[in-house]
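Trainee: pasting the sequence and the predicted model now:
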Amino acid sequence: MSEQKAIATPRRTKEILEKYGFSFKKSLGQNFLIDVNILRNIIHNAGITKEMNAIEIGPGIGALTEQLAIAANKVVAFEIDGRLVPILEDTLQAYDNVELINQDILKADFEEVWDGYFKDDKPVKVVANLPYYITTPILMQLLMANLPISSITVMIQKEVAERMAAAENTKEYGSLSIAIQYYTEAKVKMVVPKTVFMPQPRVDSAVLHLEKRATPPVTVEDEEFFFQLVQASFQQRRKTLRNNLSRHFKDILSKAQIEEGFERVGIDGTRRGESLNIQEFAALANYFKQYVIENS
């Protein structure tokens, strides 16, 4: 396909928007990509081939969808904005391997999606340019639903991508880093300037690649309690682990029990949450869950 005919150019994007009189909805975080090379790099980083299927979220006018259709076996795209459906049906009419679903991805019945669209047993990958305002809920739902997807490659706000891929002892590291890395191996693949979007967002973006883990890197007694403890540890970043956990768990754990937990697991309670790796959080959560809460 020539660069002139691709959807992801400033000229073609303007033509499509003018043809349909489309106006951007700020509430939906609509920023359309206008650089074909960026899109092809996203697909390259996702590892998409004709032996794979793809799920896209928020196709907009079809810029990324088009490139996915060229590279993948099948594309199933979820678009929440009904105004974009006739536009997509127009811009993507040349591709018979694209299925469009006018629905909020957060309300999707994934079992129905797999039964309806992915009967060929080819690997499924998620590739998307996600709206900034709903990035975390979408990713966490996809991961916690335990779907048979092999990876997720998304364009998101640069700051959020850095937080998701952060290692301990960095200012970006927090409960979101641990939640994402519990389910995946996370890596920032490329930084994307705001100038390649229409309209331009206020911040730069980044492409984040999440490779699904076969099993989490740690074994935890209770996932819900583990994540609760992790979040509590970062409640006030400048506070010590002792202070944060004592405050959060005051109704179920005494200060003496918390101190004993630190001693048994070999963690100094004066450390801050940002200094603990996922293995240390798991050890602490497992101790409290197994030896204190269950026996109280």
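Mentor: Alright, I've got the coordinates.

Trainee: then the helix or strand harbouring residue 191 to CSV, C-alphas only?
Mentor: Per DSSP states H and E: residue 191 is located in strand 184-192. The C-alpha trace of strand 184-192 is given here as CSV (Å, rounded to 0.1, in the frame of the first residue of the first chain):
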residue,chain,number,x,y,z
THR,A,184,3.4,-10.1,32.4
GLU,A,185,7.0,-9.2,31.5
ALA,A,186,6.7,-5.5,30.7
LYS,A,187,9.0,-3.5,28.5
VAL,A,188,8.8,0.0,27.0
LYS,A,189,9.6,-0.5,23.3
MET,A,190,9.6,3.1,22.0
VAL,A,191,8.7,6.7,22.9
VAL,A,192,6.3,8.4,20.5
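
Trainee: please name the strands paired to that strand in the sheet, noting orientation.
Mentor: In the sheet, strand 184-192 lines up against strand 205-212 (antiparallel) (DSSP bridges).

Trainee: list the buried ones in the strand it pairs with?
Mentor: 205, 206, 207, 208, 209, 210, 212 (16 or more other Cβ atoms under 10 Å). C-beta coordinates here come from the backbone N, C-alpha and C atoms, glycine included.

Trainee: and which of the residues you listed is nearest residue 69?
Mentor: Ranked by distance to residue 69 (Cβ to Cβ), those are led by residue 207 at 19.2 Å.

Trainee: quick one: contacts for the closest one?
Mentor: By Cβ atoms under 8 Å, 6 or more residues apart in numbering, the contact set of residue 207 is 41, 42, 45, 153, 154, 155, 161, 188, 189, 190, 192.

Trainee: also residue 213?
Mentor: Applying Cβ under 8 Å, 6+ apart to residue 213 gives the contacts 183, 184, 185.

Trainee: JSON lines for the residues you listed, including distance to residue 63 and neighbour count?
Mentor: Output for these, formatted as JSON lines (distance: Cβ to Cβ, whole Å; neighbours: other Cβ atoms under 10 Å):
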{"residue": "183", "distance to residue 63": "28", "neighbour count": "21"}
{"residue": "184", "distance to residue 63": "26", "neighbour count": "21"}
{"residue": "185", "distance to residue 63": "28", "neighbour count": "14"}
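
Trainee: nearest to residue 250 among those?
Mentor: Nearest to residue 250 among these, counting by Cβ to Cβ, is residue 183 at 29.9 Å.

Trainee: in space, what's closest to that closest one - neighbours in sequence excluded?
Mentor: Nearest residue to residue 183, sequence neighbours excluded (Cβ to Cβ, 6 or more residues apart in numbering): residue 143, at 4.2 Å.

Trainee: what of residue 50?
Mentor: residue 73 (5.4 Å).

Trainee: so that neighbour touches residue 97, yeah?
Mentor: Yes: counting by Cβ atoms under 8 Å, residue 97 is a contact partner of residue 73 at 6.7 Å.

Trainee: now the helices for the chain?
Mentor: 10-20, 36-46, 63-71, 85-91, 110-117, 135-144, 158-164, 175-183, 223-233, 241-248, 255-265, 278-287 (DSSP state H).

Trainee: and the pLDDT for residue 26?
Mentor: Reported pLDDT at residue 26 in the predicted model: 68.

Trainee: same question, the one 5 residues further on
Mentor: According to the model's per-residue confidence, residue 31 sits at a pLDDT of 85.
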